[in-house]
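J.: test case, fold it:
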Amino acid sequence: MPSKIQIPQHVGIIMDGNRRWAREQGKPSFEGHARGYTRAIEVARHAFNTGVKYITLYAFSSENWNRAQEEIGYLMSLLSRMLKEQQQELRKNGIRLKFIGASDRIDNSLVSAMREAERACEQGTNGTLLIAFNYGGRREITDAVQKLLKKTRRTEEITEADVSSQLNTAGVPDPDLIIRTAGERRLSGFLLWQAAYSELYFTETLWPAFTTKDFDAALDDFALRKRNFGK
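T.: Coordinates of the predicted model:
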């Protein structure tokens, strides 16, 4: 269990390395995604137990549509599986569920299932699980500005607070800590606006091999950081 001195309120996780893990294990890429799904459930459950209030998982980026259709189909089936398997547990544990990202290109029946799951868990007060699906940070910011331009007069000043209010994460505090697995050291479009003052933690561990102990190590590292926010 990590130090309780400084537990981040909001943790974002870029779950990278599923396919690489599968190749190293001599297994098809689907096995990597399946193991990654299991890790996501384990780590999210553990994170809430440590006192984290918001968790955002980068599950499917807007660039992931460029992958093979068979792989995309499998990732969609994993999301459908998650909605069926985890919705009751999230609701029982008082965890609110929120999807961020665009709904276009996703099958209408799956979008409906996503919205139904959000409604089923909307009364949760013990934590919030955000799933970034068909998400891209640049598009999110662009869409927010477009909404503001439709709402405001050209003579009105648009503030940072105005932009934040139109983002997918409106009402959710910015992430204190962002974890990326598999050795990559970039955000890849993840919460670009919200990550302005996030602490970044990179690990070589591939996501399917990332354990709750690895998560605790990230929290311990975070507890040692001194956050000045530009002061």
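J.: give me the pLDDT value at the residue in the chain sticking out farthest from the centre.
T.: Ranked by distance from the centre of the chain (C-alpha atoms, centre = their mean), the top residue is T155, with 35.9 Å. With respect to pLDDT, T155 scores 73.
J.: can you check I179 too?
T.: I179 is given a pLDDT of 98.
J.: so it sits against D16, correct?
T.: No - the pair I179 / D16 is not scored as a contact, 9.9 Å apart, by C-beta atoms under 8 Å. C-beta coordinates here come from the backbone N, C-alpha and C atoms, glycine included.
J.: what about these two, which has more around it?
T.: I179 (27 against 24; other C-beta atoms under 10 Å).
J.: on the three-state scheme, that one is what?
T.: strand (DSSP: H, G, I helix; E, B strand; the rest coil).
J.: OK, contacts around it?
T.: Contact partners of I179, counting by C-beta atoms under 8 Å, 6 or more residues apart in numbering, are 11-14, 201-203, 215, 218.
J.: got TSV for the residues you listed, with distance to G32 too?
T.: Output for the contacts of I179, formatted as TSV (distance: C-beta to C-beta, whole Å):
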residue	distance to G32
V11	22
G12	21
I13	16
I14	15
Y201	22
F202	20
T203	17
F215	19
A218	21
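J.: what would those residues look like in CSV with distance to S61, secondary structure and neighbour count?
T.: Listed next are those as CSV, based on distance: C-beta to C-beta, whole Å; DSSP: H, G, I helix; E, B strand; the rest coil; neighbours: other C-beta atoms under 10 Å:
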residue, distance to S61, secondary structure, neighbour count
V11, 18, strand, 28
G12, 13, strand, 27
I13, 13, strand, 28
I14, 9, strand, 25
Y201, 19, strand, 19
F202, 18, strand, 17
T203, 19, coil, 20
F215, 22, helix, 24
A218, 21, helix, 23
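J.: relative to E42, which of those residues is nearest.
T.: F215 (9.1 Å; C-beta to C-beta).
J.: ok, back up a step: and which of the contacts of I179 is nearest N228?
T.: Of those, the one sitting nearest to N228 (C-beta to C-beta) turns out to be Y201, at 17.8 Å.
J.: tell me where the protein has strands.
T.: Ranges of strands within the chain are 10-14, 54-61, 95-100, 127-135, 177-180, 199-202, based on DSSP state E.
J.: count of residues packed around the nearest residue to K147 once chain neighbours are set aside?
T.: Spatial nearest neighbour of K147, excluding adjacent residues (C-beta to C-beta, 6 or more residues apart in numbering): Q166 at 4.6 Å. Neighbours of Q166 under the rule other C-beta under 10 Å: 17.
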